[in-house]
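A.B. asks: any chance you could fold what I've pasted below:
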Amino acid sequence: MGVEKMVCLVSRTGRQFQRYNKGRRQVVGCIPYRFKLSSDGKISDELEVLVISSQKGHAMMFPKGGWELDESVEEAASRESLEEAGVLGNIGHQLGQWDFLSKSRGTYYEGLMFPMLVTEQLELWPEQHARQRVWMNVENAREACRDWWMKEALDVLIERLSSPMNQPKEEKTTISISIETMC
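C.D. replies: Now for the predicted structure:
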């Protein structure tokens with residue numbers, strides 16, 4: 001008998017259970033990445049990152065959203081990647097923390113970004129009708145991404161992945177998201 005995977009196809013909404021630090025809403029995001037397959041089916045060293053459209057479709061970015069009270073920061077990063085981009089994977093060590101001005105709200109937020117080595121791309125995901133997802137090389141993603149702080153996080157990821165000193169030391173945290181966590 002095979003293992004069936006069940007994912008709740010509803011995104012969390014509302015801000016009543018979200019975290020704030022000194023009055024700033026805390027948002028958590030991921031840079032989903034993978035190594036491109038070469039023509040012979042082997043994994044190459046060419047990096048691709050997954051960018052998504054904003055809900056209104058006017059900008060490209062990495063998955064991110066509010067960090068809620070009932071989850072760890074890694075669980076929040078994983079949840080946002082599932083909800084907004086339809087990917088699952090291994091969360092790496094935090095890339096950094098940035099304070100940025102929300103253009104739509106006119107207030108400052110605190111953004112935390114993580115790398116996610118993608119292990120699975122889902123056919124169905126909660127926000128599939130509200131967003132487009134596109135795998136891009138790093139240069140195109142940097143150009144397409146609208147947010148300066150996400151571009152800086154991408155630079156940190158590239159530096160980390162290209163440094164032989166950091167690669168063996170980086171431990172991945174695998175986060176399992178249960179249906180109860182998602183709904």
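A.B. asks: when you work out contacts or count neighbours from here on, use the C-alpha atoms and nothing else.
C.D. replies: Will do.
A.B. asks: show me what G96 bridges to in the sheet.
C.D. replies: In this entry, G96 is beta-bridged to M113, by DSSP bridges.
A.B. asks: repeat that for V51.
C.D. replies: Residues in beta-bridge contact with V51 (DSSP bridges): V134.
A.B. asks: pull the contacting residues for it.
C.D. replies: Residues in contact with V51, defined by C-alpha atoms under 8 Å, 6 or more residues apart in numbering, are I31, P32, M60, M61, F62, P63, R133, V134, W135, M136, A141, C145.
A.B. asks: quick check, the third one in contact with C145.
C.D. replies: Right, M60. Yes. Here M60 reaches C145: they are 5.0 Å apart, a contact under C-alpha atoms under 8 Å.
A.B. asks: so for those two, which residue has more residues nearby?
C.D. replies: Per other C-alpha atoms under 10 Å, whichever of M60 and C145 has more neighbours is M60, with 23 against 19.
A.B. asks: any idea how far V51 is from the more buried one?
C.D. replies: Distance, M60 to V51, using C-alpha to C-alpha, to the nearest Å: 6 Å.
A.B. asks: with G89 instead?
C.D. replies: From G89 to V51 the distance is 15 Å (C-alpha to C-alpha).
A.B. asks: one more: P63?
C.D. replies: P63 is 7 Å from V51, by C-alpha to C-alpha.
A.B. asks: quickly list what's touching both of the two.
C.D. replies: Between them, P63 and V51 share the contacting residues I31, judged by C-alpha under 8 Å, 6+ apart.
A.B. asks: now do the helices in this protein.
C.D. replies: Assigned by DSSP state H, the helices in the chain fall at 73-85, 138-144, 148-162, 179-182.
A.B. asks: list of residues touching the second one?
C.D. replies: Where contact means C-alpha under 8 Å, 6+ apart, the residues beyond helix 138-144 that reach it are L47, E48, V49, L50, V51, A59, M60, M61, K151, L154.
A.B. asks: closest to L161 out of the residues you listed?
C.D. replies: Checking these against L161 by C-alpha to C-alpha gives L47 as the nearest, at 9.4 Å.
A.B. asks: mind checking how far that closest one is from S104?
C.D. replies: Per C-alpha to C-alpha, L47 is found 32 Å from S104.
A.B. asks: so for the two, which sits in the more crowded spot?
C.D. replies: Neighbours were tallied for L47 and for S104 using other C-alpha under 10 Å; the higher tally belongs to L47 (16 against 6).
A.B. asks: all set, thanks.
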